[in-house]
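K.L.:
Pasting the sequence and the predicted model now:
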Amino acid sequence: MQILVGTRKGTYVVEGDGRRRSWKVGSLSHEGSEVFHVVADPRHPGDLYAAVNSGFWGPMVQRSRNGGRSWSEIATPLTPARKERKPEFNSDSPSSPVTRPVNNLWHIEPGLAGEPKVLYLGADPHLLFRSSDLGKSWEPIAAINDHPDRKGWAPGFGGACLHTILLDPRDARRLYVGMSSVGTFRSDDGGASFRPTNKGVMAPFLPTKYPETGQCVHHVAIDAADPDTFYRQDHGGMYVSHNRMDSWVRIGKPLGDDFGFGVASPASAPGKAYFVRLDGRARVTGEGHFQVHEWNDTTRRWRKLLSPKAFPGHFGVQREGIATDNLDPAGIYVGTTTGQLFVSPDAGRSWRLVPFQFPGIHSVSVANPP
Amino acid sequence: MHEVHLDSWLREFGPRGSERLEAESIAQVLDLLESRYPRLRYKLRDETGELRRYVRVFVDGKDVSATTGVATRLTGDRTIDFLHSIAGG
């Protein structure tokens, strides 16, 4: 079992024992770079991918073929409109960019088991790419990247990020994306076309409260047992959909402030989702302590997993900051913007802090045992 | 012939020491460097051809990053430094 941690200063691989109670933090990779997402490829055990964003040298897709011991840069997708650069030597004045370059890489999603060489990648500004050769090359998904409405797509505070990519495990033609300040979209034809799927999701920051697009989705998790069901953390609250995102029902109102960024749903607990509720203004856990809430979609009830005394303080958690493993009982892993990594090996009954002070954590994911 | 120096942080991608080359512009310097060191592509400038935000280029000690940038014309023999700016935290 490995926890993969992307931070403001690089990548860590944290090795756990079989009981998920003892953790050993490996050395820092991608030193100095912001790492927005690290993910294991379950089709190729030992293969890891990282979305590395260097403040100086730009975005890079990096891959490890040995479980994180070493990494190397593979192809990084470029802005589709100018794949081949043509410098202007005869100009006496600096040329202005014709198009915006790929800014930050946000999410890498390995394809389904039946497509062993497929990868998807989401980037800023609102870009989606697909690789069919494990990242040797990338093809832009025109239905998103050249979408006729994209001129009206505004960036969120974190940028114009395409940060969520979800695949229907039953049908490789069906995929879902989430973009900040734009909302969610579904494709039923392998990415040839996408349509917005935000019905019922409120956009409290817009004059029209329920527009077709413009919602600021923060993250979405798919239910492993029922891939028609999704759990959504939006700027405008916590939602569930039972119909492939055709419509959404707000579930977070009983919590009062149901703001947050991260959500995860474990494979071993169908119908359950874990949200890290944050104070909508301060963007840290409310009431002065670390907390995770469990949504039970069968009973339609919430359960708070941590007592106020467990971990006092105000903790920020970003959109990729919570993950679950595929064991039973489920492990829950939460990384904070102040560098704490919380672990529950028993679906939230007990929690421990990995005894290591990380840099601010952007993403947490799990490399499950084969 | 120009002499080009790269930031030590870029040695992972480019030359370890200085590089000597003929070029008529900063853009052409970058083209030549990238052809010799393919891993340097898109590190100093993005795919639109612009210098990255925190990359600074100096010609004979003068910062041209925010003025003529990659279009800076080069004549004679120049010393060109590519550095990363003071940023971060």
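P.N.:
Thanks, I have it.

K.L.:
Contacts for stretch A:191-211, please.
P.N.:
With contact meaning Cβ atoms under 8 Å, 6 or more residues apart in numbering or on different chains, stretch A:191-211 is reached by A:128, A:130, A:141, A:143-144, A:147, A:175-177, A:183-187, A:212-217, A:232, A:234-237, A:239, A:241, A:244-250. All C-beta spots, glycine's among them, are computed from the backbone N, C-alpha and C.

K.L.:
Correct me if wrong: residue A:275 contacts residue A:237.
P.N.:
No. Between residue A:275 and residue A:237 there is no contact under Cβ atoms under 8 Å: 10.3 Å.

K.L.:
Which one's more surrounded, the two?
P.N.:
With neighbours defined as other Cβ atoms under 10 Å in any protein chain shown, residue A:275 and residue A:237 compare such that residue A:275 has more, 29 against 21.

K.L.:
Now for that one: which residues touch it?
P.N.:
A:231, A:233, A:238, A:252, A:258, A:260, A:262, A:263, A:292, A:293, A:295, A:322.

K.L.:
three-state assignment of it?
P.N.:
For residue A:275, the secondary structure call by DSSP: H, G, I helix; E, B strand; the rest coil comes out as strand.

K.L.:
got it, and residue A:106?
P.N.:
Under the three-state scheme (three-state DSSP), residue A:106 adopts strand.

K.L.:
one step back: would a markdown table of the contacts of residue A:275 with pLDDT and secondary structure be doable?
P.N.:
Below are the contacts of residue A:275 laid out as a markdown table (pLDDT from 0 to 100; DSSP: H, G, I helix; E, B strand; the rest coil):
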| residue | pLDDT | secondary structure |
| --- | --- | --- |
| A:231 | 98 | strand |
| A:233 | 98 | strand |
| A:238 | 98 | strand |
| A:252 | 98 | coil |
| A:258 | 97 | coil |
| A:260 | 98 | strand |
| A:262 | 97 | strand |
| A:263 | 98 | strand |
| A:292 | 98 | coil |
| A:293 | 98 | strand |
| A:295 | 98 | strand |
| A:322 | 98 | strand |
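
K.L.:
quick one: which of the residues you listed is nearest chain B?
P.N.:
residue A:262 (24.2 Å; Cβ to the nearest Cβ).

K.L.:
tell me how far the ends of stretch A:111-120 are from each other?
P.N.:
7 Å (Cα to Cα, to the nearest Å).

K.L.:
buried set for it?
P.N.:
Neighbour counts using 16 or more other Cβ atoms under 10 Å in any protein chain shown place A:111, A:118, A:119, A:120 of stretch A:111-120 among the buried residues.

K.L.:
Repeat that for stretch A:184-194.
P.N.:
A:184, A:185, A:186, A:187, A:191, A:194.

K.L.:
now stretch A:270-289
P.N.:
A:271-278, A:280, A:283-286, A:289.

K.L.:
And for stretch A:245-259?
P.N.:
Those would be A:245, A:248, A:250, A:251, A:252, A:255, A:258, A:259, for stretch A:245-259 by 16+ other Cβ under 10 Å.

K.L.:
how much space is there between the residue nearest the centre of chain A and residue A:366?
P.N.:
Nearest residue to the geometric centre of chain A (Cα atoms, centre = their mean): residue A:320, 4.2 Å. Distance from residue A:320 to residue A:366, counting by Cβ to Cβ, to the nearest Å: 12 Å.

K.L.:
For residue 34, which non-adjacent residue is closest in space?
P.N.:
I'll assume chain A. For residue A:34, ignoring the flanking residues on the chain, the nearest one in space by Cβ to Cβ, 6 or more residues apart in numbering or on different chains is residue A:53 at 4.5 Å.

K.L.:
right idea, wrong chain: chain B
P.N.:
Nearest residue to residue B:34 in three dimensions, chain neighbours excluded: residue B:41, at 4.7 Å (Cβ to Cβ, 6+ apart).

K.L.:
Tell me the pLDDT of the one you found.
P.N.:
Looking at residue B:41, its pLDDT stands at 88.

K.L.:
Help me confirm that it comes into contact with residue B:33.
P.N.:
No. Taking contacts as Cβ under 8 Å, residue B:41 lies outside contact range of residue B:33: 9.2 Å.

K.L.:
Let me see the ranges of the strands in the stretch 101-250 of chain A.
P.N.:
Per DSSP state E, counting those that start in this stretch, the stretch 101-250 of chain A has strands spanning A:105-110, A:119-123, A:127-131, A:139-140, A:162-167, A:175-179, A:183-187, A:195-196, A:217-222, A:230-234, A:237-241, A:249-250. These are given in chain order.

K.L.:
what do you get for chain B?
P.N.:
Assigned by DSSP state E, the strands in chain B fall at B:2-6, B:19-21, B:55-59, B:62-63, B:79-84.

K.L.:
State the phi and psi torsions of the residue nearest to residue A:240 when sequence neighbours are not counted.
P.N.:
Nearest residue to residue A:240, sequence neighbours excluded (Cβ to Cβ, 6+ apart): residue A:251, at 5.2 Å. Main-chain torsions, residue A:251, degrees, to the nearest 10: phi -110, psi -10.

K.L.:
distance between stretch A:176-189 and the chain's centre?
P.N.:
For stretch A:176-189, the separation from the chain centroid amounts to 13 Å (computed by Cα atoms, centre = their mean, to the nearest Å).

K.L.:
and if you look at stretch B:14-31?
P.N.:
Relative to the centre of its chain, stretch B:14-31 is centred 7 Å away, using Cα atoms, centre = their mean.

K.L.:
Next: stretch A:183-202.
P.N.:
The answer for stretch A:183-202 is 17 Å, by Cα atoms, centre = their mean.

K.L.:
do stretch A:109-127 as well
P.N.:
Remark: stretch A:109-127 is offset 12 Å from the chain centroid, using Cα atoms, centre = their mean.

K.L.:
picking that back up, name the residue in residue B:41 and residue B:33 with the higher neighbour count.
P.N.:
Set residue B:41 next to residue B:33 and count neighbours by other Cβ under 10 Å: residue B:33 wins out with 25 against 18.
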